[in-house]
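*Asks:* this one's sequence-less:
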């Protein structure tokens with residue numbers, strides 16, 4: 001069994017830390033050959049000293065000297081946004097794990113695909129913004145796009161078990177195989193959501209929600225952006241669009257259900273009414289390992305489920321009226337073109353404004369809707385058109401931040 005040589009973009013974040021844990025757990029199957037981070041020079045150096053990859057990248061060029069001073073060996077060092085693209089094309093790499101927060105991972109992801117590297121996607125913004133381009137280029141280059149989000153990795157596994165349809169970029173990627181999930185086989189893809197810290201909070205209390213309260217996620221330990229997205233359910237909305245592109249399935253067949261325990265990571269309902277679900281503890285090491293070792297399953301030190309201690313698994317419909325992010329995401333996913341990129345960019349600005357205490361919690365989705373309503377979407381956009389729409393949305397959201405909804 002071949003050991004996978006992996007470059008990790010976003011190494012100092014929670015996904016990056018989990019990836020290093022997986023590499024330590026299954027060294028015979030995973031080797032870290034590159035690590036990249038935005039500006040945390042000391043943490044990147046500590047990680048590098050531990051696993052000794054051949055190359056590093058620090059986007060913040062002003063901190064490269066600090067990185068060099070903290071290293072105990074002399075790897076190749078890239079820097080700047082261009083450095084992310086260079087390390088993503090590392091000759092010795094088989095796979096690039098993209099865990100960069102926000103839109104910064106798009107160009108490195110496309111560079112990795114162009115270089116013939118398999119892609120493990122943890123940055124959902126890549127597929128939200130440019131899913132059509134990313135998946136098309138992956139097909140052209142014959143590389144695999146493997147999901148790392150726990151929900152999409154769960155769907156991937158369920159579809160494989162259902163009838164080998166889990167991997168759009170699988171061994172038959174260079175054939176004319178139709179990768180679309182056919183309605184004759186699959187009725188629904190069901191994404192589970194914890195519901196965040198406010199799933200039971202009356203909406204009349206939303207205006208008083210503080211960043212500290214919103215950052216207390218009941219299940220997962222994540223960075224601030226994705227944690228706030230989980231509180232508003234924008235995270236789940238982005239995942240709906242991600243599933244649409246990963247599995248080439250219509251938005252109408254992608255649904256969301258609230259599951260507070262976060263044990264069932266997602267489900268697939270097949271045409272005969274049977275439902276397959278993937279279950280595990282809430283630990284990102286599970287989906288990262290499967291993306292790296294696929295199609296094999298490899299023993300590890302992760303804890304098994306103890307069903308006797310689970311007691312119960314609860315499910316409920318999302319409160320769509322109180323959390324409009326789901327409907328905004330469905331609207332943008334169904335419209336396609338540049339609208340998903342606009343929604344994503346506006347949300348990033350709104351989340352930042354909320355964390356800076358410049359807007360109230362409900363203003364996040366109000367601001368996103370305002371920006372979406374002002375956008376003239378471009379169908380079948382080029383990468384430049386997508387990036388232009390992203391810039392426009394950010395500028396518009398900033399201008400609207402201090403205005404009433």
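*Replies:* Done, it's in. Not measured: the values here are computed from a predicted model. Numbering: from 1, shown residues only.
*Asks:* Name the surrounding residues that touch the strand or helix carrying residue 395.
*Replies:* Taking DSSP states H and E as the criterion, residue 395 maps to helix 383-400. For helix 383-400, the external contacting residues (CB atoms under 8 Å, 6 or more residues apart in numbering) are 103, 110, 129-130, 133, 338, 341-346, 348-350, 367-368, 370-371, 374-375, 377-378, 381. The way it works is simple: take the backbone N, C-alpha and C, and place the C-beta from them, glycine included.
*Asks:* Give me the subset of these that lies in strands.
*Replies:* Members of these lying in strands (criterion: DSSP state E): none.
*Asks:* where do the strands sit along this protein?
*Replies:* In the chain, the strands defined using DSSP E lie at 4-9, 30-37, 55-58, 76-79, 95-98, 118-121, 145-147, 186-193, 254-258, 264-270, 275-279.
*Asks:* averaged over its residues, what pLDDT does the first one have?
*Replies:* Translated: strand 4-9. Confidence for strand 4-9, expressed as mean pLDDT, is 98.
*Asks:* Over to stretch 357-366?
*Replies:* Regarding stretch 357-366, the rounded mean pLDDT is 97.
*Asks:* picking that back up, now the helix holding residue 395, how far from the centre of its chain.
*Replies:* 21 Å (CA atoms, centre = their mean, to the nearest Å).
*Asks:* Please apply the same query to stretch 366-375.
*Replies:* Stretch 366-375 has its average C-alpha position 23 Å from the chain's average C-alpha position, going by CA atoms, centre = their mean.
*Asks:* Buried residues, it. List them.
*Replies:* For stretch 366-375, the buried set under the neighbour-count rule, 16 or more other CB atoms under 10 Å, comprises 367, 368, 369, 370, 371, 372, 375.
*Asks:* what stretches of this protein score poorly on pLDDT?
*Replies:* Low-confidence segments of the chain, defined by pLDDT under 70, are located at 1, 163-180, 220-221, 404-405.
*Asks:* again, 80 this time
*Replies:* By pLDDT under 80, the low-scoring segments of the chain are 1, 102, 162-183, 217-222, 402-405.
*Asks:* Throw the strands of the chain into a markdown table and include mean neighbour count, thanks.
*Replies:* Converted to a markdown table, those look like this (neighbours: other CB atoms under 10 Å):
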| stretch | mean neighbour count |
| --- | --- |
| strand 4-9 | 27 |
| strand 30-37 | 26 |
| strand 55-58 | 26 |
| strand 76-79 | 18 |
| strand 95-98 | 28 |
| strand 118-121 | 26 |
| strand 145-147 | 27 |
| strand 186-193 | 22 |
| strand 254-258 | 20 |
| strand 264-270 | 22 |
| strand 275-279 | 17 |
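*Asks:* Distance to residue 214 added to these, as a markdown table?
*Replies:* Compiled in a markdown table, these are given as follows (distance: least, CB to CB, whole Å):
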| stretch | distance to residue 214 |
| --- | --- |
| strand 4-9 | 26 |
| strand 30-37 | 25 |
| strand 55-58 | 30 |
| strand 76-79 | 33 |
| strand 95-98 | 26 |
| strand 118-121 | 25 |
| strand 145-147 | 26 |
| strand 186-193 | 15 |
| strand 254-258 | 17 |
| strand 264-270 | 23 |
| strand 275-279 | 27 |
